[in-house]
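Enquirer: Here is a sequence with its predicted model. Questions after.
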Amino acid sequence: MTADEAPQLYLVVPKDYGNQQPASASSYWVNIEQVEEYREAETANSYLQHFTLEVWVWVSTPERIENAAEVIASKLRSIYDALEYNSLGGFARTALDNESLGRAKYVKGPVSTNARYGAHFTVKIATQVTVGG
């Protein structure tokens, strides 16, 4: 991701806080919520830990409201490109693919928050955990 494509801030927020705007971000930021977690038995010595994250991409009101979808789509493309086939530094058992990355839905922030515009999508990650020695 180039400097122009990178958000001002990534913020991990509690569930249901996806539209929270951090004070240090004024034009483009990403909030990440963990919405689900569960274990799946794999072998006698390991299990898969599954996580579902909601990724919220926000931009402040663009100069022209007619440009909001175009601006958000550009930001989303950069984020999808950065995540696709990425193992998150080896954390994910397998690289993220189309099955892991949900489809984006456009959203509008609360009126009380300067009419932000954004989109959100899910990311499903599985990591292998070894137990015992």
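Expert: Perfect, I can see it now. Predicted model, so just to flag it, every value in this text is computed and none were measured.

Enquirer: how about the longest strand along the chain as CSV, C-alpha atoms only?
Expert: Assignment by DSSP state E gives strand 28-43 as the longest strand of the chain. Written as CSV, here are the backbone C-alpha positions of strand 28-43 (Å, rounded to 0.1, in the frame of the first residue of the first chain):
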residue,chain,number,x,y,z
TYR,A,28,-9.4,8.2,6.3
TRP,A,29,-9.2,5.5,9.0
VAL,A,30,-9.9,1.8,9.5
ASN,A,31,-11.6,0.2,12.5
ILE,A,32,-11.3,-3.5,13.2
GLU,A,33,-13.8,-5.4,15.4
GLN,A,34,-13.5,-9.1,16.5
VAL,A,35,-17.0,-10.4,16.2
GLU,A,36,-16.6,-14.2,16.5
GLU,A,37,-14.0,-16.7,17.9
TYR,A,38,-14.2,-20.4,18.2
ARG,A,39,-12.0,-23.5,18.3
GLU,A,40,-12.0,-26.5,16.1
ALA,A,41,-10.3,-29.7,17.1
GLU,A,42,-7.6,-30.7,14.6
THR,A,43,-5.3,-33.4,16.0
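
Enquirer: what's it packed up against?
Expert: Contact here means 3 or more CB pairs under 8 Å, 6 or more residues apart in numbering; DSSP states H and E; on that basis strand 28-43 packs against strand 9-13, strand 46-59, strand 117-130. C-beta: built from backbone N, CA, C; applies to glycine.

Enquirer: Residues contacting stretch 26-44, please?
Expert: 7-22, 47-60, 75, 79, 122, 126, 128-129 (CB atoms under 8 Å, 6 or more residues apart in numbering).

Enquirer: Can you flag the buried ones in those?
Expert: 7, 9, 11, 13, 18-21, 47, 49, 51-60, 75, 79, 122 (16 or more other CB atoms under 10 Å).

Enquirer: Many thanks, I have nothing further to ask.
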